[in-house]
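[1] Turn this into a model:
(chains A and B)
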Amino acid sequence: MRFAVAHKAATYLMVGFAYLAMIAGGGIAPMIALAGVVGLIGSWWWEPPNVKLERWAWIWTLASVFALIYSVLTAVVTGDFLGVGAQFLIWLVVAKAYNRRAARDWQQMYLLAFLMLVAGSVLNADLTYGVCFLGFVITATWAITLFHLRREMEDNLLVKHAADRASERVEVRRILDSKRIVGTRFFVGTGFLSFGVFIIASIVFLAIPRVGFGFFLKGHKGQTFSGFNDGVKLGGHGVIKNDSTVVMRVEIDAQYGGRDKPEVHWRGVAFDHYSKGQWTRDPASPWNREIVEDGNPPSSVEKHKIIWPDAGPFLRDAAVKQGIWLDPLDSDVLFGGGIPRQYEVAKIARKRKQLATRNQEMRLDHGETLHYTVWSDFFPPPPDELRAANGKLSPFYENVYFQIPDEVRRDAELYKRVDEITAGLTNNYDKAKAIETWLETNLSYTLELADPGSVEPIHFFVFQRKKGHCEYFSSAFVIMARIAHIPTRQVNGFLGGEWNEYKGYVAVRAGDAHSWAEVYFPGKGWVTFDPTPSAPGGELGRGGNGWTAKMGRMLDTLRFQWSKWVIEYDLVSQISLFKDIGNAFKRAAVALRDVFKWLLSFWPL
Amino acid sequence: MTFWERLRRRLRPPRRLSFTREGKIIVVLSVGVGFAAINTGNNLLYLLLGWLLSFIIASGVLSEMTLRALTVERRPPPRVFAGEPFLMEVVIKNGKPNRASYSIEVEDLQGKTPIDKRCYFLKIPEAKSQRTSYRHTFVKRGLYTLSGYRLATKFPFALFRKSRDVDAPLEMLVYPARVPVPRPPPRALTRGDAIADRLGRRGEFFGLRESRVGDDRRDVHWKSTARTGRLLVREYEDELARRVVVAVDNALPKDVREAVADGHVTPAQEAQVSAVERGISIAASLAAAYLEVGWTVELVSRNCHVLPGNGRMHEAKIARALALLPYEGEETPFSDMPKRIESVLVQPRGVPAIGRPSTQTVMDA
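    Numbers count the residues shown, from 1 in each chain, chains lettered A, B, ... in the order given. I've put the predicted structure just below:
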């Protein structure tokens, strides 16, 4: 390959990978991203002698000034400095690609490519970033090495010495067109070099201590998916989209995970106050979380215990451990299976802001992504124990979890229906089960929304439309249970997920968002009730066993490993990794010692 | 060579490192990305930081590999004159059996300082050598010692320039500057006889010698030439009388000599030094001119005497003596001033008056 072509190709590949890393996260408008790609491709041929660059210079300068003014104004108006900055970067790199004249222009392209990679680190946390990064490392090694050689050639080889005459210029073009300077061997050699660079980069990455200070850190909003909502409002119309984006991956013991195991309710937010079709949290309800203090010396883990008045003791051995890798969500809530009892998260150097948590929610001031461990009670007490749980409720429960809005109190038909369902039943458990069963069997599930108009949404759902989505079912259950004087609340989270047999984890997708209810039994705590009719294939084996599904799960395994070892690699993971490495060395030392002993046994003396 | 000696030699400092502009940019970027990574806890920024640092590490390792097993040989021209550019040939050999070296710079060192020119080698294939040359000019005559050479590279990413100094002393004798002088025969007078009286006179046959520029073709001895294959001419006794003494005064006042030794020369002193140096240059040029046309030349100076002789070897002998001619005091006498001087071509201030007229000035020294 001609030297100049090799250098240009390596540079374009390098810029291309950085560009992809930035736009693949979806933070850039597709039209702008596409325009950038087309612009970059077009610039390949935009060079002398095809074009006289000087003739066009003023147009590019003028356009760049315009782009700068436009970007500043847009950023100020929208407040999206990152997105607008990324767009301006696209403009700059395209403009530079059309104005490649001197060594300085190439250098600026490299710098812009690196800045795009930096922007991509915020805009794109997906595996695509990792792939692009690997491509960038290889092509950057080629491009920068070739650039260095090119510049040295231009600086040093242009003067030819001759004994009998003065120095004279050697034609640059002839050198740049030479095919003898770099060949396959050069690219393979530097390819190995870049692989070495990648390995060292990985070691450095794993070794740098993870202490997040968070100075000047501004909260970044995660992506909003259709599905989970940090709030519930019944009504509206349209069709709920089924989003297959994975939002959470849960490592869980094999006895709870598997393609034939039952679905798990991944609890997120809970609401206690219903009014006009909307669920909120009663500001009077107390906080329900305490941070467990460490021993001395303090550990690297921050422990958050979920508490309520008559919660039994938290027994770590009896609880189910889940390691959760949570992708960006437009919420600061953390999820946990069953009834979560304790959350554990890696400490950071800065003190985290305490967020209000009610209804046994867990909220944490965190960045875009988070890895944490949660310990939960997965299995409710046996029905007999729940039937016998008739202890007195504290006033707090009376005030908060029996709330019924006036518009429902006026709904005699609903009251009458509840009385019919619970007639003859004497304990809360049986009554709740009867309501749950009635909803499951008499009403049907649909993702098509219908506007209830001026009708109270629950009345509209139970008596008129008789079908709805999970939020209708759970809301109807909670209100009907409260009419039957059972303390209940509404819960949002995810249900089930897809068990990944390759790495043993549950991949929870945005489309798995779900809504259900919790009933309180004095002395026993909160128990999950899910009145939504079960969809077929309700176990964790969803996705099927076809080769496309398996391929999909393999790809998700890669994404998970990327997320686990790169995106959410924290102090806890780091300490655990170092311990593993230390243990491996110890084992190797012991093995070596044994080998030595064995060898010494043959020594004649 | 033992293992430890080899190891010590491999690890031998110093490697000089100086950051280039790009290197400084990378360092600034690393600090910025590192701060952002620690601040935000964004692991992708840690990844970028890892890449930047490994880029620097890889650059250091590769530049070291590039500089290993390179040897340089310098080949100066046979004669170097002050004030005249010359070409120094530089041959570099890559001793690595299976790895090419890229982007190598070679600089000659005078003491610890590189001279103003350097050679650049884009690629030295494995187990191959390459050659190039650089043009350089020594302003003054004398003996120069190039203490060694410096091998440097910015390969592979031009983040920094790594160099290694190698001790390889090379002595270079720089002859006095060549200046235009009148071609012989001179207008010099000799004691007792005018040159005119001698012109055209043929003495007794003395022997045969190789032909030189300016020889009369009638003097070619064809028989001997045919027999030996070399152009031989007859030499007559009378030619031996074509003898010249080049006398040059290398005296400088004590304060000027001290100033020269200290390197703090005033403009007035510089003028004095220049005058002597010009005299030396003229003397060297005259000697060369006379020797070229077959005259016998003798060099006389204070504390320096080159006995009469002719031919190429003698020219080199005189040039060497003049290249190394030190400054002397007025009290130092001229060495072995001949009693009979056929021609004194350079007016030395302190040459004693001998005969009639004592001297003939050709050039003012």
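[2] Look up the closest residue to residue 29, ignoring the ones flanking it.
    Assuming you mean chain A. Among residues not flanking A:Ala29 along the chain, A:Gln87 sits closest, at 7.6 Å (CB to CB, 6 or more residues apart in numbering or on different chains). (Each C-beta comes from the backbone N, C-alpha and C, glycine too.)
[3] that answer is for a different chain, and I need it for chain B
    B:Leu52 (6.1 Å).
[4] quick one, what contacts the one you found?
    Listed by CB atoms under 8 Å, 6 or more residues apart in numbering or on different chains, the contact set of B:Leu52 reads B:Ile26, B:Leu29, B:Ser30, B:Val33.
[5] can you tell me which two in these are farthest apart?
    Using CB to CB, the contacts of B:Leu52 span at most 10.3 Å, a distance reached by B:Ile26 and B:Val33.
[6] neighbour-wise, which of those two wins?
    Taking other CB atoms under 10 Å in any protein chain shown, B:Ile26 and B:Val33 do not tie; B:Val33 has more neighbours (24 against 21).
[7] Please, which helix or strand holds that one?
    helix B:21-40 (DSSP states H and E).
[8] what about B:Val166, how many residues close to it?
    15.
[9] I'd like the distance between it and B:Glu105.
    13 Å (CB to CB, to the nearest Å).
[10] so what sits against both of those two?
    Joint contacts of B:Val166 and B:Glu105 (CB under 8 Å, 6+ apart) are B:Arg150, B:Leu151.
[11] Hmm, A:Arg417 is touching A:Ile458, no?
    No. Here A:Arg417 lies out of contact with A:Ile458, judged by CB atoms under 8 Å, at a distance of 10.9 Å.
[12] More neighbours: which of the two?
    Under the neighbour definition other CB under 10 Å, A:Arg417 and A:Ile458 were set side by side, and A:Ile458 has more, 25 against 19.
[13] Chain neighbours aside, what residue packs nearest to that one?
    A:Ala476 (5.1 Å).
[14] give me the beta-bridge partners of the closest residue to B:Thr332 other than its chain neighbours?
    Nearest non-adjacent residue to B:Thr332, counting by CB to CB, 6+ apart: B:Arg302, 4.4 Å away. With beta bridges defined as DSSP bridges, B:Arg302 has these partners: B:Phe334.
[15] can you pull the contacts of A:Ser376?
    Contacts of A:Ser376 (CB under 8 Å, 6+ apart): A:Ala319, A:Val320, A:Gln322, A:Gly336, A:Gly337, A:Gly338, A:Ile339, A:Pro340, A:Arg341.
[16] can you do 6 Å?
    A:Ala319, A:Val320, A:Gly336, A:Gly337, A:Gly338, A:Ile339, A:Pro340 (CB atoms under 6 Å, 6 or more residues apart in numbering or on different chains).
[17] Measure how buried the fifth one is and give me the count.
    Each residue near A:Gly338 was counted by other CB under 10 Å, and the total is 23.
[18] Backbone dihedrals for it, both of them.
    Main-chain dihedrals, A:Gly338, degrees, to the nearest 10: phi 60, psi -130.
[19] before we move on, what about the second one?
    Backbone torsions for A:Val320, taken as degrees, to the nearest 10, come to phi -100, psi 130.
[20] If we ignore the residues flanking it in sequence, what's nearest it?
    A:Val320 sits nearest to A:Phe378 (CB to CB, 6+ apart), 4.6 Å away.
[21] Same check on the last one?
    With sequence-adjacent residues excluded and distances taken as CB to CB, 6+ apart, A:Pro340 is closest to A:Ser376, at 4.7 Å.
[22] Bridged to the one you found, which residues?
    Bridge pairing for A:Ser376 - DSSP bridges - gives A:Val320, A:Pro340.
[23] Surely A:Leu193 is within a helix?
    Yes. Membership of A:Leu193 in a helix is supported by DSSP: H, G, I helix; E, B strand; the rest coil.
[24] What count of nearby residues applies to it?
    18.
[25] got a list of what the closest residue to it other than its chain neighbours touches?
    Counting by CB to CB, 6+ apart, A:Leu193 lies nearest to A:Thr141, which is 5.8 Å off, once chain neighbours are set aside. By CB under 6 Å, 6+ apart, the contact set of A:Thr141 is A:Thr190, A:Leu193, A:Ser194.
[26] What is the burial count for the first one?
    Same thing as A:Thr190. Around A:Thr190 there are 23 residues (other CB under 10 Å).
[27] What helix or strand is it located in?
    A:Thr190 belongs to helix A:184-207, assigned by DSSP H and E.
[28] any idea how far B:Pro308 is from B:Arg242?
    B:Arg242 is 11 Å from B:Pro308, by CB to CB.
[29] now swap in B:Leu17 and tell me
    Distance from B:Leu17 to B:Pro308, by CB to CB: 58 Å.
[30] what about these two, which has more around it?
    Neighbour count, other CB under 10 Å: between B:Leu17 and B:Pro308, B:Pro308 has more, with 16 against 13.
[31] And B:Gly23, how far from A:Leu558?
    36 Å.
[32] Could you give the number of residues near A:Ile421?
    A:Ile421, neighbours per other CB under 10 Å, totals 19.
[33] which residues touch it?
    A:Ile421 neighbours (CB under 6 Å, 6+ apart): A:Ala434, A:Ile435, A:Trp438.
[34] on that earlier part again, name every strand pairing with the very next helix or strand once past the helix holding A:Thr190 and say which way it goes.
    Using DSSP H and E, the helix or strand that follows helix A:184-207 in sequence is strand A:232-233. Using DSSP bridges, the strands paired with strand A:232-233 are strand A:278-280 (antiparallel).
[35] gap between the strand it pairs with and the chain center?
    26 Å (CA atoms, centre = their mean, to the nearest Å).
[36] And that strand, what's buried?
    With burial defined by 16 or more other CB atoms under 10 Å in any protein chain shown, the residues of strand A:278-280 counted as buried are A:Gln278, A:Trp279.
[37] Check stretch B:51-64 too.
    Neighbour count says stretch B:51-64 has B:Trp51, B:Leu52, B:Leu53, B:Ser54, B:Phe55, B:Ile56, B:Ala58, B:Ser59, B:Leu62, B:Ser63 buried, by 16+ other CB under 10 Å.
[38] Which single one of these is nearest to B:Pro156?
    Set against B:Pro156, the nearest of those by CB to CB is B:Leu62 (5.0 Å).
[39] for that closest one, what are its contacts?
    Per CB under 6 Å, 6+ apart, neighbours of B:Leu62: B:Pro156.
[40] Next one: it from A:Thr139, what distance?
    From B:Leu62 to A:Thr139 the distance is 17 Å (CB to CB).
[41] now do A:Glu501
    In terms of CB to CB, A:Glu501 sits 36 Å off from A:Thr139.
[42] Chain A contacts on the stretch 151-300 of chain B?
    B:Pro156, B:Phe157, B:Ala158 (CB under 6 Å from any CB of the partner chain).
[43] Looking at those residues, which is nearest B:Gly111?
    B:Ala158 (27.7 Å).
[44] what's the burial count for that closest one?
    23.
[45] so B:Leu325 sits right up against B:Val248, yeah?
    No. The pair B:Leu325 / B:Val248 is not scored as a contact, 7.6 Å apart, by CB atoms under 6 Å.
[46] neighbour count winner among these two?
    B:Val248 (29 against 24).
[47] And the closest residue to the more buried one other than its chain neighbours, how close does it get to chain A?
    Leaving out its chain neighbours, the residue that sits closest to B:Val248 by CB to CB, 6+ apart is B:Ala283, at 4.1 Å. Distance from B:Ala283 to chain A, counting by CB to the nearest CB, to the nearest Å: 28 Å.
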